[in-house]
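Engineer: 3D model of this:
(2 chains)
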Amino acid sequence: MNLKVNIAGVELKNPVMSASGTFGSGHEYSELTDINRLGAVVTKGVAFEPWEGNPTPRVTEVYGGMLNAIGLQNPGVDVFIERDIPFLRKFDTRIIVNVCGHTVEEYCKVVERLNGQDVDAYEINLSCPNVKQGALAFGQDPKVLEETTAAIKKVAAKPIIIKLSPNVTSIRDMALAAEAGGADAISLINTLIGMKIDIERRRFVLANKTGGFSGPAIKPVALRMVYEAAHAVKLPVIGMGGIACAEDAIEFLLAGASAVAVGTMNFADPRTMEHVAEGIEAYLKRHGLEDVRELIGAADA
Amino acid sequence: MKRKENARVCGINELAPGIFSLWLESSMAAEAKPGCFVGVYPKNGAHVLMRPISICDVNAQKTQLRLVFRAAGEGTKEISGLRVGEEVALLGVLGNGYDTQAMQGKKLLLLGGGIGIPPMLLLAKELSDAGISCNAVLGYADRNDFLRDEFDNVCRTYVATMDGSLGTKGTVIDALNENMLMADICCACGPMPMLKAVKGFAADCGMKAYLSLEERMACGVGACLGCVTKTAHPDPHTHVNNTRICVEGPVFDASEVLL
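Structural biologist: Have a look, this model is predicted:
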């Protein structure tokens, strides 16, 4: 049986990876789950310089999910190279570095710094809803998204995966813009912008007022958007948004995703990704299928 | 080693209105240090995050741990409805805890405010077992106190209530002043205004202080960077003076954190 999938020339042993920001650089979860069983680790966002992130409270639970406004706190690319790449290389998995920046130049500087490093691909975060300057600003206008993608593609020595925001009018247009800009793959969805108010205190729960909504509650929206994006472009799609189990992941594959990422549910159970990978294999057996790739986009076949 | 595993409920009762004591049979009891916490998962799948709850006590055989918590929201209300024999999923053991070795030969003062009181009990017991002298000051809103007798069994205990119905009227700081309590080291857990006051009080009288902080958490293991606090020096993870309460804390040297 084949569980391998190929994303822009990067072969993954199975189609399951972490969603950026929920798994650190793997270290924090290495006691709790077997990283060798993951198709890839997608790291938390890496900027050129260290970023402090937002004031607290940064996270809160909501029905069926959570809101976060971390603001991409990260130690910057140099610490990532010295500390996190050697750690991740001890495991038999692919390393996909999530790249963030305030300006196009910053994204390019991170990518250039990582080009000579032992990593497999870049996921370009053009969709973080929690950073005032940059990030989402690049991901809500198709023209800006295309130009930004093209600028990063020009300097990138590895495949670039453009991570799309769901906070747009037409996900189709954004997927097409990423393709036109030269993206090697797209991933979606980033979080939906949400809000929660503490009625006793009559205050916003998050210091940032708004935060990214994630978790099982967003799955139907994510699935619809992955379907629309996958049908709009020829690029491989990494689908995510509320995946909690193998059945959820299989829905995304059937909608057209070539791989899937698990985010918030890593918090609910650190072994969710292992269970998803095992469950996909069991599903293939149960349906007499030989190759996971037979599922990709099969809902429309 | 951190792990997620089920624990079996072996006792549950309400100590004061809305304050519950939950005894769990868990292998994590053997690793529990005062100041550490566990994540308790509600069974209802609409609640995706664990509830971080400090460890209040461990039995003599180190096979059971006790959590004392307030049923504040839907998740903790569900947990307060657990019955003996039921299983509940825990993530643990989380956090750094208090370093009682470093307290040898010192005079200790333990300050607990409201739902910050429970972790101080395990600390009081460990200090008492190690022959380290300590006093405790417990602050409650009103006469609905809890755990007081158990503190009385291990150390000299003072009480403050905001409404004056028990002990000193006012805060734990008021009780410290009224009883002229001093120590080499104080350890405190409670609401933020109390921790700020303790930090100021300790600085004024040159006392070393350790504070146990609380913040909204998601992962509990240092991956999401949700629960940070501002620090005086660069933090070990990001080097931006914003350190993770779930990993580098929840116990911090008061002079290291900017509250």
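Engineer: only C-alpha atoms for contact and neighbour calcs from this point on.
Structural biologist: Fine.
Engineer: Indicate the residue of the stretch 101-250 of chain A located nearest to chain B.
Structural biologist: Closest residue of the stretch 101-250 of chain A to chain B, CA to the nearest CA: A:Gly215 (7.7 Å).
Engineer: Run through the neighbouring helices and strands of the lowest-mean-pLDDT helix or strand in chain A.
Structural biologist: Every helix and strand in chain A was compared by mean pLDDT, DSSP states H and E; the lowest is helix A:136-139, with a mean of 80. Counting contacts by 3 or more CA pairs under 8 Å, 6 or more residues apart in numbering or on different chains; DSSP states H and E, helix A:136-139 is packed against helix A:142-155.
Engineer: Need the contact partners of the helix it packs on.
Structural biologist: For helix A:142-155, contacts defined as CA atoms under 8 Å, 6 or more residues apart in numbering or on different chains pick out A:104, A:107-108, A:111-112, A:126, A:138-139, A:160, A:162, A:173-174, A:177-183.
Engineer: same check, this time on stretch B:195-213
Structural biologist: Residues outside stretch B:195-213 that contact it (CA under 8 Å, 6+ apart) are B:35, B:173, B:183-190, B:245, B:249-255, B:259.
Engineer: Could you tell me the end-to-end distance of it?
Structural biologist: Using CA to CA, to the nearest Å, the end-to-end distance of stretch B:195-213 comes to 8 Å.
Engineer: what does stretch B:249-259 give?
Structural biologist: 14 Å.
Engineer: Now do the contacts for the closest residue to chain B within the stretch 201-301 of chain A.
Structural biologist: Nearest to chain B, among the residues of the stretch 201-301 of chain A, is A:Phe267, at 4.9 Å (CA to the nearest CA). Contact criterion CA under 8 Å, 6+ apart gives A:Thr22, B:Val48, B:Leu49, B:Met50, B:Ala218, B:Cys219 as the residues in contact with A:Phe267.
Engineer: List the ones among the residues you listed that fall in strands.
Structural biologist: The strands, defined by DSSP state E, take in nothing from the contacts of A:Phe267.
Engineer: Looking at those residues, spot the one nearest B:Leu94.
Structural biologist: Of all the contacts of A:Phe267, B:Leu94 sits closest to B:Cys219, with 10.5 Å by CA to CA.
Engineer: what residues are up against the closest one?
Structural biologist: For B:Cys219, the contact set (CA under 8 Å, 6+ apart) comprises A:Thr22, A:Asn266, A:Phe267, B:Leu49, B:Met50, B:Gly226.
Engineer: change it to 7 Å
Structural biologist: A:Phe267 (CA atoms under 7 Å, 6 or more residues apart in numbering or on different chains).
Engineer: and the gap between it and A:Ile186?
Structural biologist: The gap separating B:Cys219 from A:Ile186 is 26 Å, by CA to CA.
Engineer: One more: A:Pro216?
Structural biologist: As judged by CA to CA, A:Pro216 and A:Ile186 stand 21 Å apart.
Engineer: Close to chain A: what parts of chain B are there?
Structural biologist: Chain B has residues B:1-3, B:45-50, B:216-219, B:221-226, B:238-240, B:242 near chain A, with proximity defined as CA under 7 Å from any CA of the partner chain.
Engineer: Give me the phi and psi for residue 202.
Structural biologist: Reading this off chain A. When read as degrees, to the nearest 10, the backbone of A:Arg202 gives phi 50, psi 50.
Engineer: look at chain B instead
Structural biologist: Main-chain dihedrals, B:Ala202, degrees, to the nearest 10: phi -60, psi -40.
Engineer: again with the one 5 residues further on
Structural biologist: Dihedral angles of B:Met207 (phi, psi; degrees, to the nearest 10) stand at phi -100, psi 140.
Engineer: Just the pLDDT for it.
Structural biologist: Note for B:Met207: predicted pLDDT of 95.
Engineer: SS state for the residue in the stretch 1-150 of chain B positioned nearest to chain A?
Structural biologist: Closest contact between the stretch 1-150 of chain B and chain A, by CA to the nearest CA, is at B:Ala46 (4.1 Å). Put simply, B:Ala46 is coil when judged by DSSP: H, G, I helix; E, B strand; the rest coil.
Engineer: That one - nearest residue in space that isn't next to it in sequence?
Structural biologist: Leaving aside its chain neighbours, B:Ala46 sits nearest to A:Gly64 (4.1 Å; criterion: CA to CA, 6 or more residues apart in numbering or on different chains).
Engineer: Next, give phi and psi for A:Gly45.
Structural biologist: Residue torsions, per degrees, to the nearest 10, at A:Gly45 are phi -50, psi 140.
Engineer: which residue lies farthest from the center of chain A?
Structural biologist: The outermost residue of chain A, judged against the average C-alpha position, is A:Glu200 (35.0 Å), by CA atoms, centre = their mean.
Engineer: so where's chain A shaky on pLDDT?
Structural biologist: A:130, A:132-135 (pLDDT under 70).
Engineer: Next up, the contacts around B:Gly85.
Structural biologist: By CA under 7 Å, 6+ apart, B:Gly85 lies in contact with B:Arg8, B:Val9, B:Cys10.
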